[in-house]
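**Student:** okay, sequence plus prediction incoming.
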Amino acid sequence: MLETYEHLIVRQQVEPLQVFTGLEMNNRYTVIDDHGNDILFAYEESSFISRQFLGSHRPLTINVIDSEGTVLMTASRGFFWLLSHLELRHLNGSVIGGMQRRFKMLGRRFDLYDENQLVGTIEGPVLRPHTFWIHGNGVELAKITKQWSGAGREMFTAADTFHIEFTTSSSTEQIRWLILGAAFSIDLDFFENRKRRGSVNIGGFGR
């Protein structure tokens, strides 16, 4: 399915209640192509208490569904203290892979795994806090960039938009699902708490 796209846009949807009260609600996303057509939808499942008090460290599941409401992938993780993780599974429960955040004093890094082994890395340099490069087997696989939404949207909503560019046509369907999952991880790890504090986490410490 994802092999037919060179670009994807992951756009967060924000509930009005969150905007006006500051209460953390379940994340929801729309995945669209570069023509603005809806491809997939994603929604978080987590408890109200964990969202308010555990922040980005909370246990959660993100369900990715098609336009018919069929769950195509789940991205889940348990509570963590320092470095985050995310496991991706197909509808039938089989493992697609996952990502594990690694300590890096300056910059951001995830290791990317399929069901058996390391298949790539995600790097976000200090001087490019909104850009993340995915490499595997010695080549660049994709680039994920947080897009500027405009002054009004940035100031008055907690919504984020990410552009995924698949920079090689050789990426498999499995790798592309991992890269989509990486966009969710990047939002949760580096931009969700920024919405509360007005800052971006660019160092290697977990939150």
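**Tutor:** Ah, there it is. Please read these numbers as outputs of a predicted model, since none were measured by experiment.

**Student:** every contact and neighbour count from this point should use C-alpha atoms.
**Tutor:** Noted.

**Student:** centre of the chain to stretch 166-182, how far?
**Tutor:** 13 Å (C-alpha atoms, centre = their mean, to the nearest Å).

**Student:** how about the strands in the chain?
**Tutor:** 7-13, 28-32, 38-45, 60-65, 71-77, 85-90, 95-102, 108-113, 118-124, 131-136, 139-146, 161-166 (DSSP state E).

**Student:** give me the contacts around the second one.
**Tutor:** This means strand 28-32. Here strand 28-32 makes contact (C-alpha atoms under 8 Å, 6 or more residues apart in numbering) with 8-14, 38-44.

**Student:** so what's the residue nearest to Leu88 when sequence neighbours are not counted up against?
**Tutor:** Excluding the flanking residues, the one nearest Leu88 by C-alpha to C-alpha, 6 or more residues apart in numbering is Ala75, at 4.5 Å. By C-alpha under 8 Å, 6+ apart, Ala75 lies in contact with 61-63, 86-89, 181.

**Student:** spatially central residue in the chain, please.
**Tutor:** Centroid-nearest residue in the chain: Phe184, 1.4 Å away (criterion: C-alpha atoms, centre = their mean).

**Student:** roughly how far does that one sit from Ile65?
**Tutor:** 14 Å (C-alpha to C-alpha, to the nearest Å).

**Student:** what of Trp177?
**Tutor:** Counting by C-alpha to C-alpha - Trp177 and Ile65 are separated by 13 Å.

**Student:** also Ser185?
**Tutor:** 17 Å.

**Student:** what's the answer for Gln13, then?
**Tutor:** Counting by C-alpha to C-alpha, the gap from Gln13 to Ile65 is 15 Å.

**Student:** quick check: closest non-adjacent residue to Val95.
**Tutor:** Val95 sits nearest to Arg89 (C-alpha to C-alpha, 6+ apart), 4.5 Å away.

**Student:** quick one, what contacts that neighbour?
**Tutor:** Here Arg89 is in contact with 73-75, 95-97 (C-alpha under 8 Å, 6+ apart).

**Student:** identify the bridge partners of it.
**Tutor:** Thr74, Val95 (DSSP bridges).

**Student:** tally of neighbours for the residue lying closest to Phe166 once chain neighbours are set aside?
**Tutor:** Take Phe166 and drop its neighbours on the chain: the residue closest to it by C-alpha to C-alpha, 6+ apart is Ala142, 4.3 Å away. Counted by other C-alpha atoms under 10 Å, the residues lying close to Ala142 total 23.

**Student:** Ala142 reaches Glu165, doesn't it?
**Tutor:** Yes. Judged on C-alpha atoms under 8 Å, Ala142 makes contact with Glu165 at a distance of 5.4 Å.

**Student:** any idea how far Phe110 is from Ser50?
**Tutor:** Taking C-alpha to C-alpha, one finds Phe110 at 24 Å from Ser50.

**Student:** which of the two has more residues huddled nearby?
**Tutor:** Phe110 (24 against 16).

**Student:** number of nearby residues for the nearest residue to that one once chain neighbours are set aside?
**Tutor:** Leaving aside its sequence neighbours, Phe110 sits nearest to Arg101 (C-alpha to C-alpha, 6+ apart; 4.2 Å). Neighbour count of Arg101, defined by other C-alpha under 10 Å: 23.
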